[in-house]
Structure formats: structure tokens, C-alpha cells
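In: My questions are about this predicted structure, shown below with the sequence.
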Amino acid sequence: MSRFVESAIITGKSLGSSNGIGRATAVLLASEGAKVTITGRDSARLQESKDAILKAGVSEYDINSVTADITSSEGQDNLISSTLQKFGKIDILINNAGANIPDANGKTRTEGGIDTFLKMFQLNLQSVVEMTQKIRPHLAKTRGEIVNVSSIAAGPAAQPQGPYYSSAKAALDQYSRSAAIDLISEGIRINVVQPGFVETGFSTVARGLNAEESSKFYNTMGSLPHCIPVGFCAQPEHIASVIAFLADRKASEYIVGQTITADGGSTLVLGFHANFGQKK
Ligand code: NDP
């Protein structure tokens, strides 16, 4: 029996040739029975995601592929209206699109101007707020689910390499908790997943690393127990399975407004753990 009989909108599918969290989530949900709307700005990469879903054995009729900028009102409206037109209802919204957007000089630290700050909040927070407002009446009809993709960058540890990104994700977490309590009275459940290091190109393509350099970066990070105790960086599928759990009412009905951290233990280690009490 299929785990999902729902219609789901998943924002953001992948970056470059990497297999992003949105794409892995779309493949997982669709292969378990969901009809999926996938989106992103780059139509070629969107087609790659569609191909990955088709390769998993899903019918073309169960995929709605919409090229859109999630920060534009028109793009948001198009996502919702085309999903309703094709599938008749909406049960699940996965707010996955997000990025640590560099400024005009390629920097992501505190030197970034207010325009960079505003862009970061527009993508990582405002688009989620807008999608939640627009989709609310449709999810109230189906007693649906929203899963927001945050980050361990939300805190409490400092994030000097991305102060605007991490602030937007922290705000996303608090918005999600508050909206979860507001909307549960309408039967809409909101939860959050906070990924740690995931091998997607998120941390490498944006920094201009090629495939070999990117692989080396993730392998090095994974080999450092004071960075990732589990011993490897996550693959997108590790996060997709947590998203699917939170989007599955039967599996997680009593979880409301919570944040699940999937980071291989990263947020639990302090620097001194690397040098103290290690097994010989
Ligand atoms: P990717 O960069 O591979 O995916 C990001 C996706 O967001 C892309 O599909 C991109 O598509 C889409 N996107 C970005 N801007 C827009 C926009 N304006 N409109 C529509 N779509 C947009 O990275 P991940 O898969 O890793 O990222 C997914 C989520 O996971 C993000 O929210 C990120 O913050 C979060 N995350 C990732 C971590 C990691 O280590 N990878 C760690 C913690 C959190 P396109 O470019 O075609 O528009």
C-alpha cells in the first residue's frame, strides 16, 4: 500500500548536477504514492529532477513541474493554482528552497550590504510566510501538513560565515513554532527539519568549487569527529526521510511545531570533545 495518497508541493529541487534535498524528497514522496509539484528557477535543472522522479517509476501524470521564483508573488500563485488544476487539492507543502546568497563580491559575512540581508530574508523566511498564508485555506480543507527546511545554522552556535542566512533560518524556526500553534486549530500541522552538513553543492558550488574539490571538502568534513561525530556528511536522502516522516500524518500526527535536527551529532559536540575522553 502507498504511504502517501496526497498531493504535495516541494519548493527547490537541486543545484547544478548535485542531488539536492528537494529533489531527493520529491523522488521519495512520489515513489511512495504522492502526486508532486516541483519547482525552481532553472528549468534545465528542474527537468533533471523530473527525470529522476520518472526513473523511480512514477507516472508523468503525477508530476507537476513549474519553473518559478519562489520569492515572486506570481510564482507562488502559479505553484498553487497549477497544483489545484492538475491534482484537485493540496495536502502537503515542503518549504525547502533556501540559500546563503553571496553579495556582489561573493561574500556572505557581515560585510554584506542591506540589499544582501533583505534578499536572504526574502528567500529563507518571507517566501515561507507568503506560501503559508496563500496555502492555508487549501490545507485547512485537507487537514494538511507543512514541513519547513531550516538549518543547524539557526543556532545557538554562532555562524560568522553566514550571519544573515543563519538569522533568517532562526527566524524561520520561531515563525514555524508560532504558526504551528496558530494553524493546528484548523487541522494544519507545521514542523521543521534542521539539516547539518548535506552533500548537495549548497556549501561548495556557491563557493566556486568543482566536483572533485567539492567531494574532497565533504570527505574532509566527514572525517573530523569534532565536526560530524557520525563520521560522514549526510546525503540528501537522509534529510528526505525525515521530511517524509513529518509529512506523513499517520507516522507523526502528535508532533506539532517541533524541530528535528538531523546532523550526525554536529550540534552536540564542543571543541574540547575532540581532545578529551576519546577512545584509545
Ligand atoms: P541546493 O542549493 O541544492 O538547493 C536549493 C534549492 O532552492 C535549489 O533547487 C534552488 O533551485 C532553489 N531555490 C533557490 N532560490 C530559489 C528561488 N528564489 N526560487 C525558487 N527556488 C529557489 O541546496 P540544498 O538542497 O542543500 O538546500 C535545500 C534546503 O536545505 C535549503 O533551505 C538550505 O538552506 C537547507 N540546508 C542545506 C544544508 C546543506 O548542507 N546542504 C544544511 C542545512 C540546511 P534554483 O536554483 O533552480 O532556483
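Out: Sure, I can see it.

In: Please see if the helix or strand harbouring residue 175 touches the ligand.
Out: Assessed by DSSP states H and E, residue 175 sits inside helix 163-183. No. Judged by CB under 6 Å from any ligand atom, helix 163-183 stays clear of the ligand, getting no closer than 6.8 Å. Every C-beta, even on glycine, is put in place using the N, C-alpha and C of the backbone.

In: again with stretch 252-259
Out: No. Stretch 252-259 lies apart from the ligand when judged by CB under 6 Å from any ligand atom; the minimum separation is 12.1 Å.

In: do the same with stretch 118-129
Out: Yes. Using CB under 6 Å from any ligand atom, stretch 118-129 reaches the ligand at residue 123.

In: now do stretch 191-207
Out: Yes. Stretch 191-207 reaches the ligand (CB under 6 Å from any ligand atom) through 195, 197, 198, 200, 201, 202, 203.

In: rewinding a little: what does the helix holding residue 175 rub up against?
Out: Identification of contacts with helix 163-183 by CB atoms under 8 Å, 6 or more residues apart in numbering yields 98-101, 108-110, 112, 116-117, 120-121, 123-125, 128-129, 132, 136, 139, 146, 148, 150-151, 153-155, 159, 189-192, 194, 256-257, 259.

In: If any of the residues you listed are buried, give me the ChimeraX selection for them.
Out: Only the buried entries of the contacts of helix 163-183 go into this ChimeraX selection, using 16 or more other CB atoms under 10 Å:
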select :98,99,100,101,108,112,116,117,120,121,123,124,125,128,132,136,139,146,148,150,151,153,154,159,189,190,191,192,194,257,259
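
In: now the angle between helix 163-183 and the helix or strand just after the helix holding residue 175, please.
Out: The helix or strand immediately downstream of helix 163-183 is strand 189-195, counting by DSSP H and E. On the basis of axes from the mean of the first three to the mean of the last three CA atoms, to 10 degrees, strand 189-195 is oriented at 160 degrees to helix 163-183.

In: Pairing partners for strand 189-195, with directions?
Out: Using DSSP bridges, the strands paired with strand 189-195 are strand 145-149 (parallel), strand 259-262 (parallel).
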